[in-house]
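Chemist: The sequence and its predicted three-dimensional model are supplied below.
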Amino acid sequence: MAGVGFDEMGEGPQARSQYARIRDWLSATPVDLLAQKRHEAEFVFRRTGITFAVYTEGGDPDRLIPFDIIPRLLDADEWALLTRGLEQRVRALNAFLRDVYGSREFVRAGKIPEALVLHNPCFEAAMQGLAVAGGVYTHVSGIDVVRTGPGEFYVLEDNCRTPSGVSYMLENREVMMRLFPELFARHRVRPVQHYPEELLQTLRSVAPPACMGEPTVVLLTPGSYNSAYYEHSFLADEMGIELVEGPDLIVDDLVVYMRTTRGPQRVDVIYRRLDDPFLDPLAFRPDSMLGVPGLMAAYRAGTVTIANAVGAGVADDKAVYCYVPDMVRFFLGEEPLLANVPTWKCAEHDDYTYVLEHLHEVVVKDVHGSGGYGMLVGPHASRAEREAFAQKIRATPERYIAQPTLSLSTCPTFVESGVAPRHVDLRPFVLYGKDVRIVPGGLTRVALRKGSLVVNSSQGGGTKDTWVVDG
């Protein structure tokens with residue numbers, strides 16, 4: 001699956017029709033004007049305060065995520081394929097979580113090792129037997145998709161806890177419309193600006209049965225020092241709901257209330273951007289100053305909905321990922337529309353042996369890692385780096401999975417040397433409440449370094465606006 005890579009724009013006789021106007025625009029636009037527009041975009045992002053934090057680095061951790069001004073295009077047929085596959089996958093993941101905290105038929109049938117579920121760091125025993133509103137656990141999912149050919153899409157990773165990045169999808173579109181209105185006029189681009197409205201409708205649709213009248217929805221944030229705080233405040237503002245921190249909420253008689261100047265106001269749905277261990281010091285970490293004492297008791301009593309559900313992280317474990325195609329077959333009775341990347345599980349002897357013998361060829365990932373950390377890109381690593389990583393695998397093989405070095409597709413990208421192909425992935429955002437909603441497009445992440453396959457912003461990656469175009 002490795003190779004030179006599929007170029008999504010194409011060249012010469014291989015050029016793809018949906019990129020025709022983009023090619024013409026790039027040919028007619030001087031490089032210095034593109035550079036000027038890029039600087040204007042950076043100015044807008046900085047003035048708006050769109051930054052992220054890298055806590056492992058010294059000094060001021062806040063920085064801009066690099067933004068590429070050349071959009072990534074998908075045509076209607078490509079998006080239709082992705083939409084069907086994403087909806088199917090999220091329904092299967094949700095069914096799996098309902099089963100994990102219910103009768104565990106998937107485990108009983110021998111479809112997944114029991115230890116992988118019950119010993120998973122994200123498994124929450126407190127959720128066992130808890131009837132969540134509407135049976136929905138994965139209210140907001142970010143499914144990372146890569147491409148290797150014209151109709152070849154693979155799911156790289158599932159994010160079912162607190163997926164981030166949607167604010168960048170929205171702000172990228174806003175900036176592109178401001179800087180390049182004439183380019184938009186040449187394309188029929190499907191809108192994404194309605195995402196906050198779709199998110200709010202999804203959250204309202206899963207209000208607990210005890211809710212009377214219009215549900216009160218709040219967004220729970222860890223606070224301004226969190227790396228995604230901009231997104232939290234942005235989404236709360238766009239949805240017209242309150243952005244709250246733990247001390248803003250209280251639990252009285254198994255009901256959650258928000259402190260207001262007019263007195264306590266009942267809360268029906270909490271869109272939490274806070275990890276499970278910090279949600280309730282009475283149920284999880286007693287030292288948490290970020291959560292709400294008694295929140296889990298109210299949750300168990302069915303008076304409040306938490307989105308995403310507590311314990312949903314079991315479904316986005318990189319080892320559990322290997323079993324998602326079987327989840328589709330088991331719970332939905334269908335064949336998967338989107339394939340997984342072939343994966344070796346180091347916990348299994350034959351896979352473990354293969355991975356150690358082929359470290360120079362594969363990508364190895366920590367099953368609980370994120371942000372591009374805890375991984376080895378074998379072909380780009382030195383002999384010493386591979387040997388050091390081999391020692392980690394030998395010590396705790398169950399912590400690692402490996403995948404072939406995919407030949408990720410490339411898109412034209414404006415870099416210091418001009419326009420050049422760079423590898424990309426895509427994170428569409430799937431909303432699941434009373435029904436499934438998917439805003440057309442998603443967040444395209446781009447590896448700005450030549451030859452790099454790592455698109456994470458914490459590892460030097462950037463973002464692009466993603467256009468789903470009709471004709």
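Modeler: Cool, the structure landed.
Chemist: only C-alpha atoms for contact and neighbour calcs from this point on.
Modeler: Will do.
Chemist: so where do the helices sit in the protein?
Modeler: 20-28, 31-48, 76-100, 105-108, 114-118, 166-179, 181-185, 195-205, 229-239, 295-301, 324-327, 349-357, 383-395 (DSSP state H).
Chemist: Now do the buried residues in the fourth one.
Modeler: So the one you mean is helix 105-108. Residues F106, V107 are the ones in helix 105-108 that count as buried (16 or more other Cα atoms under 10 Å).
Chemist: for this protein, what helix or strand is lowest in average pLDDT?
Modeler: None of the helices or strands of the chain scores lower by mean pLDDT, DSSP states H and E than strand 52-53, at a mean of 58.
Chemist: Let me have the helices of the chain in a markdown table, extended by mean pLDDT and distance to N159.
Modeler: Formatted as a markdown table, the entries for these read as follows, by pLDDT from 0 to 100; distance: least, Cα to Cα, whole Å:
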| stretch | mean pLDDT | distance to N159 |
| --- | --- | --- |
| helix 20-28 | 93 | 32 |
| helix 31-48 | 91 | 26 |
| helix 76-100 | 97 | 10 |
| helix 105-108 | 98 | 20 |
| helix 114-118 | 94 | 16 |
| helix 166-179 | 95 | 13 |
| helix 181-185 | 94 | 31 |
| helix 195-205 | 98 | 16 |
| helix 229-239 | 96 | 17 |
| helix 295-301 | 97 | 22 |
| helix 324-327 | 98 | 13 |
| helix 349-357 | 95 | 25 |
| helix 383-395 | 94 | 24 |
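Chemist: Let me have those in a markdown table, adding distance to V419 as columns.
Modeler: Rendered in a markdown table, the data for the helices of the chain read as follows (distance: least, Cα to Cα, whole Å):
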| stretch | distance to V419 |
| --- | --- |
| helix 20-28 | 8 |
| helix 31-48 | 8 |
| helix 76-100 | 24 |
| helix 105-108 | 49 |
| helix 114-118 | 45 |
| helix 166-179 | 17 |
| helix 181-185 | 17 |
| helix 195-205 | 31 |
| helix 229-239 | 30 |
| helix 295-301 | 51 |
| helix 324-327 | 38 |
| helix 349-357 | 36 |
| helix 383-395 | 32 |
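Chemist: Out of these, flag the one nearest M127.
Modeler: The stretch from the helices of the chain with the least distance to M127 (Cα to Cα) is helix 295-301; that distance is 8.1 Å.
Chemist: what helices or strands is that closest one leaning on?
Modeler: strand 255-258 (3 or more Cα pairs under 8 Å, 6 or more residues apart in numbering; DSSP states H and E).
Chemist: roughly how far apart are the closest residue to V189 other than its chain neighbours and E78?
Modeler: Sequence neighbours aside, V469 is the residue nearest to V189 in space, at 4.6 Å (criterion: Cα to Cα, 6 or more residues apart in numbering). Here the distance between V469 and E78 works out to 10 Å (Cα to Cα, to the nearest Å).
Chemist: Same check on V310?
Modeler: Plainly put, V310 is 33 Å away from E78 if you go by Cα to Cα.
Chemist: what's the answer for V31, then?
Modeler: 30 Å.
Chemist: same deal with V244?
Modeler: From V244 over to E78 the distance is 39 Å, taken as Cα to Cα.
Chemist: more neighbours, those two?
Modeler: In terms of neighbours (other Cα atoms under 10 Å), V244 is the more surrounded of V244 and E78; the figures are 21 against 16.
Chemist: Might you report the residue contacts of that one?
Modeler: Residues in contact with V244, defined by Cα atoms under 8 Å, 6 or more residues apart in numbering, are V218, L219, L220, T221.
Chemist: Name the residues linked to it by a beta bridge.
Modeler: Beta-bridge pairing of V244, defined through DSSP bridges, involves L220.
Chemist: Per-residue pLDDT of it, please?
Modeler: According to the predicted model, the pLDDT of V244 comes to 98.
Chemist: What of P30?
Modeler: The predicted local confidence for P30 comes out at a pLDDT of 94.
Chemist: residues touching I306, list them.
Modeler: Under the criterion of Cα under 8 Å, 6+ apart, the contact list for I306 reads V269, I270, Y271, R272, Y299.
Chemist: so what are the domain limits for the protein?
Modeler: 32-189+318-338+425-469, 209-303, 344-404 (automatic domain parsing).
Chemist: Make JSON lines from these and add distance to E416 to it.
Modeler: Supplementary listing: the domains of the chain in JSON lines, determined by distance: least, Cα to Cα, whole Å:
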{"stretch": "domain 32-189+318-338+425-469", "distance to E416": "9"}
{"stretch": "domain 209-303", "distance to E416": "27"}
{"stretch": "domain 344-404", "distance to E416": "22"}
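Chemist: How about D425: what's its closest non-neighbour residue?
Modeler: Among residues not flanking D425 along the chain, V146 sits closest, at 4.8 Å (Cα to Cα, 6+ apart).
Chemist: so how many other residues sit close to the one you found?
Modeler: Other residues within reach of V146 by the criterion other Cα under 10 Å amount to 23.
Chemist: do the same with the one 4 residues further on
Modeler: When neighbours are defined as other Cα under 10 Å, P150 has 12 of them.
Chemist: same question, the one 4 residues further on
Modeler: When neighbours are counted by other Cα under 10 Å, Y154 registers 21.
Chemist: Relative to P342, how far out is it?
Modeler: 9 Å.
Chemist: next one: P293
Modeler: Plainly put, P293 is 43 Å away from P342 if you go by Cα to Cα.
Chemist: and if you look at E171?
Modeler: E171 sits 34 Å away from P342 when distances are taken as Cα to Cα.
Chemist: next one: V269
Modeler: With the distance defined as Cα to Cα, V269 ends up 38 Å from P342.
Chemist: quick one, which of the two is more surrounded?
Modeler: Between V269 and P342, V269 has the larger neighbour count (other Cα under 10 Å), namely 24 against 13.
Chemist: Quick check: that one touching R204?
Modeler: Yes - the pair formed by V269 and R204 meets the contact definition of Cα atoms under 8 Å, at 7.2 Å.
Chemist: what about the nearest residue to E242 once chain neighbours are set aside, distance to I270?
Modeler: For E242, ignoring the flanking residues on the chain, the nearest one in space by Cα to Cα, 6+ apart is V218 at 5.1 Å. Plainly put, V218 is 5 Å away from I270 if you go by Cα to Cα.
Chemist: So those two - more neighbours on which side?
Modeler: With neighbours defined as other Cα under 10 Å, V218 and I270 compare such that V218 has more, 24 against 21.
Chemist: shared neighbours of V269 and R204, which are they?
Modeler: Shared between the contact lists of V269 and R204 (criterion: Cα under 8 Å, 6+ apart) are residues P215, T216, V217.
Chemist: ok, the residues you listed vs L443, which is closest?
Modeler: Distances from the shared contacts of V269 and R204 to L443 were compared by Cα to Cα; the smallest belongs to V217, at 25.0 Å.
Chemist: Beta-bridge partners for the nearest residue to that closest one once chain neighbours are set aside, please?
Modeler: Setting aside the residues directly before and after it, V217 is nearest to V269 in space (Cα to Cα, 6+ apart), at 4.7 Å. Note on V269: beta-bridge partners by DSSP bridges are V217, T305.
Chemist: who touches V269 in this structure?
Modeler: 203-204, 206-208, 215-218, 304-307.
Chemist: Among the residues you listed, which one lies nearest to P163?
Modeler: When the contacts of V269 are compared for distance to P163 (Cα to Cα), A307 wins out at 11.3 Å.
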